[in-house]
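> With the sequence up front, the predicted model follows.
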Amino acid sequence: MKKIITTALLAVSFFAISQQKNKTKPASFSVKDRTVAVYTSADGTNLRLNKTDNLQFTDLKQPLETQLCVFVNPSKTFQTFLGIGGAITDASAEVFAKLTKENQKEFLEAYYDKEKGIGYSIIRTNIHSCDFSSGSYTYIDEGDAALKSFSIEHDKEFRIPLIKKAIATAGGKATLYVSPWSPPAFMKDTKNMLKGGRLLPEFYQSWANYYVKFINSYQKEGIPVWGLTIQNEPMAKQTWESCIYTAEEERDFLKNYLGPTLKKAGLGDKKITVWDHNRDLLTQRASTILDDPQANKYVWGIGFHWYESWSGGASMFENVGKVNEMYPDKNLIFTEGCVEKFDFKKLQLWANGERYGESMIHDFNNGTVGWTDWNILLDENGGPNHVGNFCFSPIHGNTITGELIYTPSYYFIGHFSKFIGKSAKRISSVSSQSYLLTTSFLNQDGKAVTVVMNKTDKKLKYNLCIGTKATEIYILPHAIQTLVY
């Protein structure tokens, strides 16, 4: 009798599990009656996110090794897409304020309107000054550890109005996170906000309270704060605002001060991202913090930048994938990247855009959920920047002529941000030959989005293959395409 009951229970359990699996099993993807809309940007042409083709699927049961193919398998899903965006810094806001009303409207729509522009949905902003500010400042009087003088009045002139307009243009919804570049000078062992230095242990609590004050102040202004990073570039001694944290110091500040302080203040729902620096030391920082259960519980994700090539080596894309393998329950987010060393003559350099395309494809394929560019807008000199660290941004505003200058980077980013929707799932996407880079997502409306990039000097013919169906597509030299089907 016992054996019969046990068998019956197993059968019931198996049936329940089967039913649960059937419930969660995604609907199969069929290309029947689907067309492929092709959008292209290419060097040496006027094509900039232009629709260039509308194609049909036909049979291709077994591709040949001589045929260049992009194989997409929509049944194999990975991370959930959070969004793409850029940083609204003091510099961006100051340049924006100098534009005409017409150009301000055009600029906002170019970034934050999904139909008229490229549909940015993520905003990063700085907690008091960074290099892309016109000068160093904090929100308190120097020496005020109790934070009694705390005020964000400075930000109300330029930055807060732009953030509000950006959110409104994005339909009232944007994922905004905040990052500090340095604590106030008196809290550091160097007594200087610039050139590195460390946060003194006696100010750990006061500095944790500072994040709370900032978040609450912005939210009182009607700006919802989704999350924060602990410190911008915690291993870089820069000529601008910077502060050094070892992995252990960041871990201990998080678990003993920042995490508990946010929770106590009713801000425990804010998403905390650690590291916020280059891919080179990504695995070491993630391991040190996430292997500590008390620190781990406060961490939403690990942020990273793309400047590891300062050493002369190549970008370490695989480090992102290694962290994803080790900590699949944590999120990966690209928190900053830009083309350094501004040169007005290189505003239309196509290779600057290709750097974005290559990075975004590799980062998404390695598990990244969101991607944040650096400044959304800079002037004709790549600033303002109070230490002369002038850089490129996807759009520049020429404050002399009043012109908005769209660079190749803007269009490369748009090939992703305009078409991939929030909560899309990345799906398997592989090129049969090294000539092409590719990544794919499945939107919630059931449409697939495949991005294909050709860095070669040749016009290439390839097949977009889904199962035994395919469509033949041409891609120009040094081009990027988005396929929607």
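Yep, that arrived. Residues are numbered from 1 along each chain as shown.
> so what's residue 107 up against?
Contact analysis of residue 107 by CB atoms under 8 Å, 6 or more residues apart in numbering lists 96, 99, 377, 395, 397, 404. C-beta coordinates here come from the backbone N, C-alpha and C atoms, glycine included.
> distance of the last one from residue 43?
Using CB to CB, to the nearest Å, residue 404 is found at 21 Å from residue 43.
> Could you do the first one as well?
Taking CB to CB as the measure, residue 96 and residue 43 are separated by 29 Å.
> which ones are touching residue 56?
Residues in contact with residue 56 (CB under 8 Å, 6+ apart) are 35, 36, 471.
> hmm, back to that, so of the contacts of residue 107, which ones are in helices?
Residues from the contacts of residue 107 lying in helices, with DSSP state H as the criterion: residue 96.
> what's the closest of the contacts of residue 107 to residue 220?
residue 96 (22.7 Å; CB to CB).
> Surely that closest one and residue 159 touch.
No. The criterion here is CB atoms under 8 Å, and residue 96 misses it with residue 159 at 9.5 Å.
> So these two - more neighbours on which side?
residue 159 (25 against 22; other CB atoms under 10 Å).
> ok, and the closest non-adjacent residue to the more buried one?
Nearest non-adjacent residue to residue 159, counting by CB to CB, 6 or more residues apart in numbering: residue 93, 4.3 Å away.
> Do you know the pLDDT at the one you found?
For residue 93, the pLDDT comes out at 98.
> Could you say which helix or strand holds it?
helix 90-98 (DSSP states H and E).
> any idea of the angle the helix or strand immediately after that helix in the chain forms with helix 90-98?
Heading C-terminal from helix 90-98, the first helix or strand you meet, by DSSP H and E, is helix 101-112. Going by axes from the mean of the first three to the mean of the last three CA atoms, to 10 degrees, helix 101-112 is angled at 140 degrees with respect to helix 90-98.
> Show the model's pLDDT score for residue 474.
pLDDT recorded at residue 474 is 98.
> That one falls within a strand, correct?
Yes. Looking at residue 474 with DSSP: H, G, I helix; E, B strand; the rest coil, it is inside a strand.
> and it, how far is that from residue 419?
Distance, residue 474 to residue 419, by CB to CB: 20 Å.
> Those two: which has the busier surroundings?
residue 419 (24 against 15).
> my read: that one touches residue 450, true?
No. Checked against CB under 8 Å, the pair residue 419 and residue 450 is beyond contact range at 9.4 Å.
> what touches both of these two?
Common neighbours of residue 419 and residue 450 (CB under 8 Å, 6+ apart) are residue 482.
> which residues does residue 354 contact?
Residues 408, 412, 453, 455, 478, 480 are the ones in contact with residue 354 under the rule CB under 8 Å, 6+ apart.
> Got the phi and psi for residue 409?
Reported as degrees, to the nearest 10, the phi and psi values for residue 409 are phi -60, psi -40.
> Please report how far residue 312 lies from residue 386.
Taking CB to CB as the measure, residue 312 falls 28 Å from residue 386.
> chain center to stretch 334-349, what's the gap?
Once both centres are worked out by CA atoms, centre = their mean, to the nearest Å, stretch 334-349 turns out to sit 17 Å from its chain's centre.
> Span of it from start to end?
Using CA to CA, to the nearest Å, one end of stretch 334-349 lies 23 Å from the other.
> and what of stretch 113-121?
Taking CA to CA as the criterion, the two ends of stretch 113-121 lie 9 Å apart.
> And stretch 70-88, by the same measure?
36 Å.
> Can you mark which positions in that stretch are buried?
Using 16 or more other CB atoms under 10 Å as the test for burial, stretch 70-88 gives 70-72, 74, 78-79, 81-88.
> out of those, what pair is the most spread apart?
71 and 88 (38.7 Å).
> Contacts for the longest strand along the chain next, please.
Longest strand in the chain, counting residues (DSSP state E): strand 69-80. Here strand 69-80 makes contact (CB under 8 Å, 6+ apart) with 26, 28-29, 63, 331-332, 367-369, 423-432, 436, 438, 440, 442, 448, 450, 452, 462-466, 470.
> What pairs with it, parallel or antiparallel?
Neighbouring strands of strand 69-80 in its sheet, by DSSP bridges, are strand 425-431 (antiparallel), strand 460-466 (parallel).
> Which of the ones you listed sits closest to residue 122?
strand 425-431 (16.5 Å).
> pLDDT averaged over the closest one, what's the number?
98.
> same question, stretch 254-265
The average of the pLDDT scores along stretch 254-265 is 98.
> now do stretch 202-219
98.
> please begin residue numbering at 17 from this point
Sure, I'll start counting at 17 from here, so that last one is stretch 218-235.
> Show residues contacting it.
143, 155-156, 161-163, 166-168, 176, 194, 196, 199, 202-203, 215, 241, 244, 269, 272-274, 277-278, 281, 283, 286.
> just the buried members of those residues?
Members of the contacts of stretch 218-235 classed as buried by 16+ other CB under 10 Å are 143, 155-156, 161, 163, 166, 168, 176, 194, 196, 199, 202-203, 215, 241, 244, 269, 273-274, 277-278, 281, 283, 286.
> Okay, and which of the residues you listed map to strands?
143, 194, 196, 244.
> Identify, from the residues you listed, the entry nearest to residue 298.
Closest to residue 298, out of all of these and judged by CB to CB, is residue 244, at 18.7 Å.
> partners of that closest one in the sheet?
Residue 244 forms beta bridges with residue 194, residue 288, as assigned by DSSP bridges.
> pLDDT score for it?
With respect to pLDDT, residue 244 has a value of 99.
> residues touching it, list them.
By CB under 8 Å, 6+ apart, residue 244 lies in contact with 193, 194, 195, 227, 231, 286, 287, 288, 289.
> let's go with 10 Å and repeat that
With CB atoms under 10 Å, 6 or more residues apart in numbering as the criterion, the residues that contact residue 244 are 140, 143, 192-196, 227, 230-231, 274, 278, 283, 286-289, 292, 316.
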